[in-house]
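Q: Give the three-dimensional model of this entry:
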Amino acid sequence: MRALVVGISGASGAVYGVRLLQVLRDLPDVETHLVLSRPGETTLALETGLTRAQVEALADHAYAPEDLAAPIASGSFPTHGMVIAPCSARTLAAVAHSAADNLLTRAADVALKERRPLVLLFREAPLTLAHIRNMEAVTLMGGIVLPPVPAFYTRPRTVEDLVDATVGRVLDLLGLPHALGSRWQGPAGGGEGRT
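A: Numbers count the residues shown, from 1 in each chain. Alright, predicted model coming up:
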């Protein structure tokens, strides 16, 4: 069983975290550990109409953001990695500067110090120099910054298609199987086998 930490912060894009939990729930060898921040709870309600209880029910384990005694706050608790979806500018800054003042940022700090995968779906635009420097700092520490930028070459038809494409990228980065979206096979009818 692989334990995976999922964080949902207060940035817009709560649907990414919700969809990730839904997909992970169907993977038999993955155990999810959720931290939903207080601002994340507010954004979740505004964007999806879902409550904290409804989203926590999608996870195997859920923790209050103030619970710094939770298992995921310690490097001795083995995990497969962590995803923060979405990741706010405040959360990015805290991770970049090891400001582990709540369980969400502490769990991210643990992932980095233990050299475990950490994927941040940073949701902000346009970017300030501080955002860029914080993304650089996280990247230099081994984290992966994956802004949920839509790809249109797969010809998505719905918002759900766009969300699934991003969640699929997250699962790819973690080495987890999925059947979300289509993979690029080259242009149809032309160019196959040519260099």
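Q: Can you give me the buried ones in stretch 103-110?
A: Buried residues in stretch 103-110, counting neighbours by 16 or more other CB atoms under 10 Å, are found at 103-110. C-beta here means a position set from N, CA and C on the backbone, and glycine is covered the same way.
Q: Let me see the mean pLDDT of it.
A: What stretch 103-110 shows for mean pLDDT is 98.
Q: can you dump the C-alpha coordinates of it into CSV?
A: Output of stretch 103-110 as CSV, limited to C-alpha atoms (Å, rounded to 0.1, in the frame of the first residue of the first chain):
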residue,chain,number,x,y,z
LEU,A,103,0.2,20.6,8.6
LEU,A,104,-0.1,21.4,4.9
THR,A,105,3.2,23.1,4.7
ARG,A,106,4.9,20.8,7.2
ALA,A,107,3.9,17.7,5.1
ALA,A,108,5.4,19.4,2.1
ASP,A,109,8.6,20.2,4.0
VAL,A,110,8.8,16.5,5.0
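Q: the helices in this structure, which residues?
A: 14-25, 38-48, 52-56, 89-96, 103-113, 129-140, 159-173 (DSSP state H).
Q: re the thing from before, closest to residue 146 among the buried residues of stretch 103-110?
A: The nearest member of the buried residues of stretch 103-110 to residue 146, counting by CB to CB, is residue 108 at 13.9 Å.
Q: What residue, apart from its backbone neighbours, is nearest the closest one spatially?
A: residue 95 (4.6 Å; CB to CB, 6 or more residues apart in numbering).
Q: Could you pull up the contacting residues of that neighbour?
A: 84, 87, 105, 108-109, 112, 118, 120, 134, 138, 143 (CB atoms under 8 Å, 6 or more residues apart in numbering).
Q: Turn the helices of the chain into TSV, including distance to residue 182.
A: What follows is those, written out as TSV (distance: least, CB to CB, whole Å):
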stretch	distance to residue 182
helix 14-25	16
helix 38-48	25
helix 52-56	28
helix 89-96	30
helix 103-113	30
helix 129-140	28
helix 159-173	9
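Q: So which of those helices is nearest residue 151?
A: helix 159-173 (6.1 Å).
Q: by how many degrees do the closest one and helix 14-25 diverge?
A: Using axes from the mean of the first three to the mean of the last three CA atoms, to 10 degrees, the inter-axis angle of helix 159-173 relative to helix 14-25 is 60 degrees.
Q: Could you name the helices and strands sitting against helix 159-173?
A: helix 14-25, strand 81-87, strand 118-122 (3 or more CB pairs under 8 Å, 6 or more residues apart in numbering; DSSP states H and E).
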